[in-house]
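In: predicted model and sequence below, questions to follow.
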Amino acid sequence: MRSDPADYEFVAPESLREAVELLAEHPGEWLPIAGGTDVMVQYAAGTLGARKLLSVWNLPELRRIEVQPGEVRIGASATYSEFRGHEVVAREFPLLARAASWTGGIANQNRGTLGGNIANASPAADSLPALLAYDADLILISARGERRVAYRDFHTGYKQMNLAADELIRAVCLPRKFAGYASYARKVGARNAQAISKVCIAALGRIEGGEIADVRIALGSVAPVPIRLNETERGLQGKRIDAATIALARKTAVAETRPIDDIRSTARYRAAVVSNLVGEFLERLASGETGGE
Amino acid sequence: MAGQHSEHIVGSSTPRKEGRDKVTGRARYIDDLSFPNMLYGATVRSRNPRGKIKKINFGPGIAWSEYVVVSAKDIPGKNYVALIENDQPCLADGAVNHPEEAILLLAHADRHALAKAVAAVEIEYEPLPAIFTIEESERGDKIIWGKDNTFKSYRIEKGDVDSVWAKADYIIEGEYFTGAQEQLYIETNGVIAAFDAEKGITIWGSLQCPYYVHKAMMALLGLPEDKVRVVQTETGGAFGGKEEYPSMIAGHAALLAMKSGQPVKIIYDRAEDMAATTKRHPSRTRHRTAVSKDGKILGGEIELVMDGGAYVTLSPVVLSRATIHAGGPYYWPSVRVRTRVVATNAPPHGAFRGFGAPQALFAIERHMDKIARTVGVSPAEIRRRNFLKQGETTITEQEIREPIDLGKMLDRALELAEYDAKKKRFAEQNKKATHKKGMGIAAFLHGAGFTGSGERYLASVVGVEGRADGGVRVLASSTEFGQGTNTVLCQIAAEALGLPYEDVTIAQPDTMNVPNSGPTVASRTAMVVGKLVASAALGLKQTLVGAGILHETCTADEFRAACRKYVAAHGEFRSLARYEAPEGIFWDDAKYRGEAYAAFAWAVYVAEVTVDLTTYSARVDDFVARQEIGRVMNPVLARGQILGGVAQGIGFALFEKVEWRDGRMANSQMTNYIMPTSADLPPIRVYFEELGNKHGAFGAKGIGELPMDGPAPAIVNAVEDALGIPLNRVPLMPEDIFEAVNASRAAEGEERPLAEAR
Amino acid sequence: MTKKAAAKREISLTVNGEAKTVRAYPMERLLDVLRQELGLTGTKEGCGEGECGACSVLMDGALIDSCLVPVGQAHRASVVTIEGVARNAEFHALQETFLECGGAQCGICTPGMILAAAHLLQEKPKPTMDEIREGLAGNFCRCTGYAQIVEAVAQAARRSAGA
């Protein structure tokens, strides 16, 4: 353990109001910590820059999962286990439930939170592509009030986000409009559990009259932020799925990514796997299979 | 085999001696211990692979007067870690030869105050040219050790190799590589040292060989034998990674303890342990084999080179084992084996389960498949035609004197693996599938105990002691670190004396109290040390018989009564047994010829794999491990050894890659150095055969390292079977499979399956 | 002595059914508080990064890696460590089957592994072999290759079900 606990201030407010008031008084000084599955790893390694930590772990307002008619709201501090096991989330947002099931192991899932993962903004985070595919919105809160941001506009660059110095992520909102969509999710990692992804994909598709009515393909670990394959999706809209469509989609998909060589994998490998996964998704969409692995 | 033996205790699954403590959390590992007035220690390490140390600055922001600081100047004895060549400094003195080399030691009462202080030491270096690969070392344009970077070399010559090439119908060449592997025991290295002017130095630690540490402390601290005491604490895994390395960390704690006058605890965190301590030697093996048209090996040349890292440490012994195993379980009418281990500027590589054999056996077992393919026979058949048989000699001209029938073992293993049916099915399925399946075989041997005259040189001694309550206690420096030493040695003593297993205990390995039964390595404990335990136990009984208070044939009750009586009269008493080399064992160290090992264990492993061409990852779906190990001493423990060893072997083959950056392990976290989880392993089906062993306790041979040798070649053979592409390197990562598949498709003129990444 | 940024505070928590109060910096890891301040050394550190599970304990009924929990977040929590396992008859079955089946070799992963298995059996009293493997996938064992651990858990499940 390479950090000295004596060097860190830590507060655990009892309410969300207290938390945002503290942030309003000292914007940018306090790093929110939820389940600690990212922050505590950096802390132990001696690489955590922050010295003041604001615990949002036990705030009841942030742990709730609310089912409304038009959307499901997952509190920023709801754990992976909590929303993975939630009946409506599992049924209507399988990409997210699947991603949660392959994040770390049970112990990590009992502590990891969506808010924490979003704010940590690792390009390899497993659940974030699912949020892109589902057109998630974020509710951000500060002493100044709440605002709603489309998740696809949230990450502005590597580890940069549309989050003010006095703001917290309050909830993730998932629109309940994906009945009838086929879903495909797959994580490619170094092992079957406890792995950071080399490539991960979360995709949805709807076929009407033999043509693609809607398609959404989101990827992680192949760019500085999680991405939607906008151009690939545009190219697929209204098309029939055949060998030519698939080949073009695969090529376009790779062109939309910016994979790198890093400690876990290579750019060439990632590009090849992206191409294969997009192809597999479209083949399954065409044949009526769903799921992925 | 069951039912053929008359023993009741040896051969049964008696419960693990220290098991209750382990499952209740009561077992005390080194970091669970604390002493009054204890300081914590930490190590300042080189960030440079090679260079001269110009200046050491103690940076601002630290109250340096609160810290104990030790450098090479503080070493009372000799500044080396005593082992074979004594070339490795305990603390760098003016120069460094690898990243993570220890330069300074710091101690403080507050554990948390150390990391900041370590980070605040700034060292200025004058960098020197460094080398990082076998090829760079061989090139010889940068000499970093000795005259030519070579730590050690061996040469074996059998028969007349130069004459076989003309007679050969095929001459088959191949080159095979294995990478470094980290032992990754779940408990990191740790020690506590305490110094007292009267008693000398005491070391408690997580270690395999108390007497290795004892010897090293004598030299480092300039202390006589009776002023050094080493005690092994419960050890959370070792696999060779705590064979020689503990002498280094013990020396560090001892120096801090001597300077401060207080006990000092050093526990490595995971990142430090992975980056700074020993790993498996990387290797490159080249085969050139003369084969007849019916697939029989006529002779060949084998060249094997290993990367030893920056200092000699145990490289000569690792190389020795690799050399002797280079020919696999086959008959070579003639062969020339030339092996070397060379220096690079990486932390020294060291002992890891298998100890050179996994590297050598990977190469020969991959090569046998290549021979099979070239000659046009199956992988099974090529092996059948070349297996060693009773009466034939190995590459060191050791005669096989037991009725081992490897052909039959192969047949049984293939049957259990449903090899023929699966091969047929996969050949058909693979034509259209994105998931290609394959089967692979590995056949191998593993010599138990120290090589040649090694056991004679060790001259191991074991004691058995009579206790006041009538039971007995085993005294040996052999350590438990999960493999079952405590249990098996107690089983042996109980069996020898006709006592219940519960009446036998084993002393904590403490050099003040137990004799030197040799290091706990080389798969020698059950076989060699076990035999001495049986002798010492019988010797103890003879003491009672000689005293006239016990008959030769006696019951357990009678034994206990006699023992109690004797202890009451004379105090606790012990009987010692010393190793005696068997008659007629011949070993020529100069020519590397003769009886290399007292016994070989034999095995055939079969792997079934799937390669997913969407992700290029290979997965083992089923694994058959069949081996002849002399005698199954404890079925649950024996099966556990094979299961665990195969798991590590699967890791070696498909998961565990050390990412080197200028001699330093860059992926020194459990997040990035990948060992298999419970979700990653196939069913591993374990089968034993028993031929006995007259040199081993109750017929035991060695078992601990054997399972490490087979998985990698069996798996890579299976992957080649699935893909039809030769792959000659482990670890075999999905990225490697991708590049090979891509290259193969390009070579066949197929359209590349991907657009080039930007 | 250098000035400290933080102050120690009183943290009250229940550990193995007993009320405990410790004075600790809130950013001390729960793992270290258990081992040092509370002297419960059964919970181990294997990696410090939430990968290996050697530090697994139950916190408010959930399996977590105690190396990743600042003790400030454990205020008023209920924690169960390996030392508390022997008192619960259900968990006790696991300890027996680990011994019978060879589930513990070097033993360093064993406390965390037993907690993970206990947690699994709480959630799924009759798990399939695959569910056992998934439930234990966050606990690394380098010695056993997992098979005898999985068998021990299956055996304990059968025993608890009265089979």
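Out: Arrived safely. Numbers count the residues shown, from 1 in each chain, chains lettered A, B, ... in the order given.

In: domain ranges for the chain, per the record?
Out: Assuming you mean chain A. A:5-55, A:63-175, A:182-292 (automatic domain parsing).

In: hmm, I had chain B in mind actually
Out: Here the domain parsing of chain B from automatic domain parsing is B:19-27+B:454-578, B:34-125+B:183-276, B:283-451+B:592-747.

In: A:P224 is nearest to which of those domains?
Out: domain B:283-451+B:592-747 (19.4 Å; CB to CB). All C-beta spots, glycine's among them, are computed from the backbone N, C-alpha and C.

In: just the C-alphas of the longest helix anywhere in chain B, formatted as CSV.
Out: Longest among the helix segments of chain B by residue count, using DSSP state H, is helix B:357-375. Presented in CSV, the C-alpha positions along helix B:357-375 are these (Å, rounded to 0.1, in the frame of the first residue of the first chain):
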residue,chain,number,x,y,z
ALA,B,357,12.2,-29.1,-17.9
PRO,B,358,9.1,-27.2,-19.1
GLN,B,359,11.2,-25.2,-21.6
ALA,B,360,13.0,-28.2,-23.0
LEU,B,361,9.9,-30.4,-23.1
PHE,B,362,7.9,-27.8,-24.9
ALA,B,363,10.4,-27.8,-27.6
ILE,B,364,10.8,-31.5,-28.1
GLU,B,365,7.1,-32.2,-27.9
ARG,B,366,6.3,-29.5,-30.5
HIS,B,367,9.1,-30.9,-32.6
MET,B,368,7.7,-34.4,-32.5
ASP,B,369,4.5,-33.2,-34.0
LYS,B,370,6.5,-31.5,-36.8
ILE,B,371,8.4,-34.8,-37.4
ALA,B,372,5.0,-36.6,-37.5
ARG,B,373,3.7,-34.2,-40.1
THR,B,374,6.8,-34.4,-42.2
VAL,B,375,7.0,-38.2,-42.2
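
In: other SSEs contacting that helix?
Out: Applying 3 or more CB pairs under 8 Å, 6 or more residues apart in numbering or on different chains; DSSP states H and E, one finds that helix B:357-375 contacts strand B:170-178, strand B:283-291, strand B:297-307, helix B:315-325, helix B:379-384, strand B:435-448, helix B:706-709, helix B:711-723.

In: 7 Å instead, please
Out: Helices and strands touching helix B:357-375, by 3 or more CB pairs under 7 Å, 6 or more residues apart in numbering or on different chains; DSSP states H and E, are strand B:170-178, strand B:283-291, helix B:315-325, helix B:379-384, strand B:435-448, helix B:706-709, helix B:711-723.

In: just say helix, strand or coil for the residue most central in space within chain C.
Out: Geometric centre of chain C, nearest residue: C:V57, 2.8 Å, by CA atoms, centre = their mean. Three-state call for C:V57 (DSSP: H, G, I helix; E, B strand; the rest coil): strand.

In: what about B:G463, how many residues nearby?
Out: Using other CB atoms under 10 Å in any protein chain shown, B:G463 is surrounded by 23 other residues.

In: beta partners of it?
Out: Beta-bridge partners recorded for B:G463 (DSSP bridges): B:L475, B:L576.

In: ditto for C:I11
Out: Assessed by DSSP bridges, C:I11 has beta-bridge partners C:V22.

In: what does chain A put close to chain B?
Out: A:1-6, A:46, A:188, A:190-194, A:196, A:251, A:254-255, A:259, A:263-269, A:271-273, A:275-277, A:280 (CB under 7 Å from any CB of the partner chain).

In: which bits of chain C sit near chain B?
Out: Checking chain C against chain B by CB under 7 Å from any CB, the hits are C:2, C:41-42, C:46-49, C:51-52, C:54, C:82-83, C:86, C:95, C:98-99, C:102, C:104-111, C:114, C:133-134, C:136-137, C:140, C:142-148, C:150.

In: in helices, which of these fall?
Out: C:82-83, C:95, C:98-99, C:110-111, C:114, C:133-134, C:147-148, C:150.

In: quick one on the thing from earlier: nearest to chain C, out of the domains of chain A?
Out: Smallest distance to chain C across the domains of chain A (CB to the nearest CB): 2.1 Å, for domain A:63-175.

In: I'd like the average pLDDT over that closest one.
Out: For domain A:63-175, the mean per-residue pLDDT is 97.

In: is it positioned near chain C?
Out: Yes: with CB under 7 Å from any CB as the criterion, chain C is reached by domain A:63-175 at A:G104, A:G105, A:I106, A:A107, A:N108, A:N110, A:R111.

In: just flag the most distant two among the residues you listed.
Out: With distances taken as CB to CB, the most widely separated pair in these is A:G105 and A:R111, at 10.9 Å.

In: what's around B:E415, how many residues?
Out: 13.

In: correction: B:D196
Out: B:D196: 12 neighbours (other CB under 10 Å).
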